[in-house]
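*Asks:* give the three-dimensional model of this entry:
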Amino acid sequence: MVKLKVRSALVRECMAEFLGTFVLLLFGCAAAAQVKTSRETKGQFLSVNMAFSVGVMAAMYLTKGITGAHLNPAVTLSFCILRQTPWTRLLPYALSQLLGAYMASALVYVVYYDAIMEFSGGVLTVYGQNETASIFATYPSEYISLSRTFLDQVVGTAMLMLTILALGEERNTPAPAGLIPPIVAVIVLGISISMSANCGAAINPARDLGPRLFTLTAGWGAEVFTCYNYWFWVPLVAPMIGGVVGTMTYLLFIDWQLPDPDPTPESIPSVFTEDGKPQTAVGNGEKMSRF
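*Replies:* Model prediction:
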């Protein structure tokens with residue numbers, strides 16, 4: 001079989017972020033569609049939370065070897081701050097994640113089109129008992145204030161970054177590389193089941209904006225952006241701030257407080273020649289230090 005390998009590293013990485021976010025949203029939004037249109041006879045609120053978590057795990061296993069499986073602009077921003085990802089990757093990754101979320105929403109809509117139309121009576125709306133917009137994007141509860149929803153998203157995303165950054169830290173208790181995806185999935189599940197009542201626990205700008213843009217173009221109209229006093233900007237801005245807060249908290253309380261790594265034998269220059277005699281000079285004639 002002929003391998004069609006893309007030459008550009010950036011294009012390959014964007015393809016991975018697109019596909020990973022697509023898989024994540026396909027699991028999550030499909031579960032939301034099933035639960036809502038069946039009037040919770042084929043699943044419950046927990047089903048949606050679990051589906052998104054399974055989506056995270058599947059997407060990470062799928063793409064971790066190419067980009068590290070960011071799947072979230074807030075995660076990409078945090079890794080840029082940590083200098084683990086070049087800043088030039090931030091916008092391409094975010095756009096790829098956004099497009100992946102949009103396309104996944106479109107596929108869920110096609111798959112569940114008949115169920116959505118039957119449930120909504122053919123009226124696609126954001127409000128009321130038969131609203132279907134929340135299948136795709138997140139919306140706040142009517143009882144909560146704008147400032148509280150902003151705090152909600154900051155805290156949720158901060159907790160995400162705070163907890164996942166430690167998983168690969170060799171100076172602490174790192175998780176086995178092959179187990180990181182399910183561990184992250186459990187973390188996402190924990191955030192979802194504890195912090196989603198207020199406004200859906202988006203904690204991911206691409207996860208929210210991609211589906212919202214789809215519903216705008218698929219028949220729900222501008223109401224998806226104007227509803228709840230133009231609330232749509234909260235799950236875009238707050239997670240980015242929350243990601244930075246979580247990252248800085250991790251650095252201040254954990255990373256900078258861990259002991260410096262012990263030098264490995266390979267990193268300590270030898271002070272002896274191959275025949276066992278003391279080595280006193282390097283190639284340019286300078287003295288070699290033992291420490």
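*Asks:* contacts for stretch 100-111 next, please.
*Replies:* Outside stretch 100-111, the residues within contact range by Cβ atoms under 8 Å, 6 or more residues apart in numbering are 17-26, 29-30, 33, 116, 135-136, 206-207, 209-211, 213-215, 218. To be clear about C-beta, it is placed using only N, CA and C from the backbone, and glycine gets the same treatment.
*Asks:* using CSV, write out every CA atom in it.
*Replies:* Extracted C-alpha coordinates of stretch 100-111, given in CSV (Å, rounded to 0.1, in the frame of the first residue of the first chain):
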residue,chain,number,x,y,z
GLY,A,100,-13.3,19.5,13.9
ALA,A,101,-15.9,20.5,16.4
TYR,A,102,-18.0,22.1,13.6
MET,A,103,-17.9,19.0,11.4
ALA,A,104,-18.7,16.6,14.2
SER,A,105,-21.8,18.7,15.0
ALA,A,106,-22.8,18.5,11.4
LEU,A,107,-22.5,14.7,11.3
VAL,A,108,-24.5,14.4,14.6
TYR,A,109,-27.2,16.6,13.1
VAL,A,110,-27.4,14.4,10.0
VAL,A,111,-27.4,11.1,12.0
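*Asks:* list the buried residues of that stretch.
*Replies:* Neighbour-count burial for stretch 100-111 flags 100-106, 108-109 (criterion: 16 or more other Cβ atoms under 10 Å).
*Asks:* quick one, longest helix in this protein?
*Replies:* helix 9-37 (DSSP state H).
*Asks:* tell me what it is packed against?
*Replies:* Applying 3 or more Cβ pairs under 8 Å, 6 or more residues apart in numbering; DSSP states H and E, one finds that helix 9-37 contacts helix 45-67, helix 90-111, helix 113-120, helix 205-218.
*Asks:* mind doing that once more with 6 Å?
*Replies:* Under the contact criterion of 3 or more Cβ pairs under 6 Å, 6 or more residues apart in numbering; DSSP states H and E, helix 9-37 touches helix 45-67, helix 90-111, helix 113-120.
*Asks:* you'd agree Leu24 is up against Val54?
*Replies:* No - in this structure Leu24 lies outside contact range of Val54 using Cβ atoms under 6 Å: 9.2 Å.
*Asks:* between the two, who's got more neighbours?
*Replies:* Leu24 (33 against 19; other Cβ atoms under 10 Å).
*Asks:* return the residues in contact with the more buried one.
*Replies:* 55-56, 59, 71 (Cβ atoms under 6 Å, 6 or more residues apart in numbering).
*Asks:* which residue sits closest to it, ignoring its sequence neighbours?
*Replies:* Nearest residue to Leu24 in three dimensions, chain neighbours excluded: Gly55, at 4.0 Å (Cβ to Cβ, 6 or more residues apart in numbering).
*Asks:* alright, that wraps it up for me.
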